[in-house]
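Output the structure for:
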Amino acid sequence: MGSSPSTRNVVLIALAVAGTAATLYPLYLIRSVLQLILLAVFIAFWLGPFVELLSRRRVPRVVAILAAYLTLFVSLVLLVLVVVPPIANQIDKGVRQLPAGISKLRENAPFRKYDNKYKIT
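Here you go, the predicted structure:
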C-alpha cells in the first residue's frame, strides 16, 4: 500500500492548478485579439525580407511597405480567382451527380438493407 499524499503536497498541487487557471483564463478571454496579433506577426515576418530587399535598393521604406502590402493583396486576390472557381465547379458537379449516386447506392444489398431499416436516404 502507498502512503497518502501530505497536506503540503495537496496544497501545492491545488495552488499550481489555480495559478495555471488564473493565467490561462484571461488568455482565453482575449483569444480573438491574440489571433489578430499572431496574424500580424506572421505577416510582418513574411513581408520583412521583401521590405528589406526593396530598402537596400534605395526604395523609401514607406514605399517598400506599401509595395509589400500591395503584393500581398494582389497575391490573395489571384489565389481566390484561381482556386475558388474550380472548387465551386466541383461542388456543383457533385451536387448534380448526387441523386444518381444515391440510386446507385441503393443497388448495393447491405446498404439497401440498412437504408430500409434506418431511412438513410
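
longest single helix anywhere in the chain?
With secondary structure taken from DSSP state H, the chain has its longest helix at helix 61-106.

Give me the below-cutoff pLDDT ranges for this structure.
1-2 (pLDDT under 70).

For the residue nearest the centre of the chain, give its distance to residue 26.
Nearest to the mean C-alpha position of the chain, by C-alpha atoms, centre = their mean, lies residue 35 at 10.6 Å. For residue 35, the distance to residue 26 equals 15 Å [C-beta to C-beta, to the nearest Å]. The C-beta positions use only the backbone N, C-alpha and C, and glycine is treated the same way.

and residue 58, backbone torsions?
The phi and psi values for residue 58, taken as degrees, to the nearest 10, are phi 70, psi 30.

Who are the contact partners of residue 14?
By C-beta atoms under 8 Å, 6 or more residues apart in numbering, the contact set of residue 14 is empty.

And for residue 63, the neighbour number?
Residue 63 sits with 12 neighbouring residues when counted by other C-beta atoms under 10 Å.

that older thread, for residue 42, see how far away the residue nearest to the centre of the chain is.
Counting by C-beta to C-beta, the gap from residue 35 to residue 42 is 11 Å.
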